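[1] This is the structure alone, sequence omitted:
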């Protein structure tokens, strides 16, 4: 079954709005794991507007399942990942002030840079994944960087799904095929939710992991965190 990694950035956003430590991000990470999540994802940004670098340090020792750190591979990010040693690092081409991830890597223009970063993490035994759009050419070039996986950027699927789900998923089926041909593992994330997740998981061959934050944490306001995680896990039973 496809694994569910819960992105807890939004919990940190609420905490930071008031200062202090409510809600407790560390407790939330442990609770998500206890409630059945297969992993925890964090995306620290340079301004620390949600997840802080210290949160990353604090979470790592208490996580028993997979810990995934997303972010742009700046010097400070690479240093943090090297210090914390997560199970997986997902490289995202975010400029510093971007609101949320909104594009995948151009793996042709950035191939040398990405190869350098993945080489560094491989030496440390950290699995790497590259955030990428459902573009077969970019996926083929991603395989040249030495990355272990790619994470498909699924915003376009989520937007098109209510209109024409078959059309929406078609590029991602092809992307998955190409990833399989090139020996890359396959993750996915961005705007996946309770309405579109099951169909996506059923259509995409070899889908190893989805990372879901905004929708899942928002649903938890209505359904409770434990129940919401179980609802998402059920969507992945295909």
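    It's in. Source: prediction; values computed, not measured. Numbers count the residues shown, from 1 in each chain.
[2] Would you map the helices across the protein?
    9-18, 25-34, 53-59, 75-84, 111-123, 136-142, 155-160, 165-181, 197-203, 214-223, 225-235 (DSSP state H).
[3] Looking at those, which is nearest to residue 40?
    helix 25-34 (4.9 Å; Cβ to Cβ). To be clear about C-beta, it is placed using only N, CA and C from the backbone, and glycine gets the same treatment.
[4] Could you tell me the angle between that closest one and helix 214-223?
    90 degrees (axes from the mean of the first three to the mean of the last three Cα atoms, to 10 degrees).
[5] What is helix 25-34 packed up against?
    Here helix 25-34 is seen to pack against helix 9-18, strand 39-42, helix 53-59, helix 225-235 when contacts are counted using 3 or more Cβ pairs under 8 Å, 6 or more residues apart in numbering; DSSP states H and E.
[6] just to revisit the earlier point, please identify which of the helices of the chain is closest to residue 191.
    Evaluated with Cβ to Cβ, these place helix 155-160 nearest to residue 191, the distance being 3.5 Å.
[7] Centre of the chain to the closest one, how far?
    16 Å (Cα atoms, centre = their mean, to the nearest Å).
[8] quick one on the thing from earlier: mean neighbour count, the helices and strands packed on helix 25-34: which tops it?
    strand 39-42 (a mean of 26; mean count of other Cβ atoms under 10 Å).
[9] I'd like the distance between residue 149 and residue 232.
    20 Å (Cβ to Cβ, to the nearest Å).
[10] How about residue 131?
    From residue 131 to residue 232 the distance is 20 Å (Cβ to Cβ).
[11] what's near enough to touch the residue nearest the centre of the chain?
    Centroid-nearest residue in the chain: residue 211, 4.1 Å away (criterion: Cα atoms, centre = their mean). Residues counted as contacts of residue 211 (Cβ atoms under 8 Å, 6 or more residues apart in numbering) are 5, 6, 7, 41, 68, 70, 90, 151, 187, 188, 189.
[12] I figured residue 110 hits residue 93, correct?
    Yes - using Cβ atoms under 8 Å as the test, residue 110 is close enough to residue 93 to be in contact (7.4 Å).
[13] list the contacts for the residue lying closest to residue 219 once chain neighbours are set aside?
    With sequence-adjacent residues excluded and distances taken as Cβ to Cβ, 6 or more residues apart in numbering, residue 219 is closest to residue 228, at 4.7 Å. By Cβ under 8 Å, 6+ apart, the contact list for residue 228 reads 216, 219, 220.
[14] how many neighbours does residue 178 have?
    20 (other Cβ atoms under 10 Å).
[15] Residue 135 now?
    Counted with other Cβ under 10 Å, residue 135 comes out at 20.
[16] isn't it right next to residue 106, touching?
    No - counting by Cβ under 8 Å, residue 106 is not a contact partner of residue 135; they are 9.3 Å apart.
[17] what's the overlap in contacts for these two?
    Counting by Cβ under 8 Å, 6+ apart, nothing touches both residue 135 and residue 106.
[18] Determine the number of other residues adjacent to residue 216.
    26.
[19] again, but for residue 85
    14.
[20] Which neighbouring residues are in contact with it, exactly?
    Contacts of residue 85 by Cβ under 8 Å, 6+ apart are 60, 124, 125, 126.
[21] I'd like the helices and strands packed on helix 25-34 laid out as JSON lines, including distance to residue 195.
    Putting the helices and strands packed on helix 25-34 into JSON lines (distance: least, Cβ to Cβ, whole Å) gives the following:
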{"stretch": "helix 9-18", "distance to residue 195": "18"}
{"stretch": "strand 39-42", "distance to residue 195": "21"}
{"stretch": "helix 53-59", "distance to residue 195": "29"}
{"stretch": "helix 225-235", "distance to residue 195": "9"}
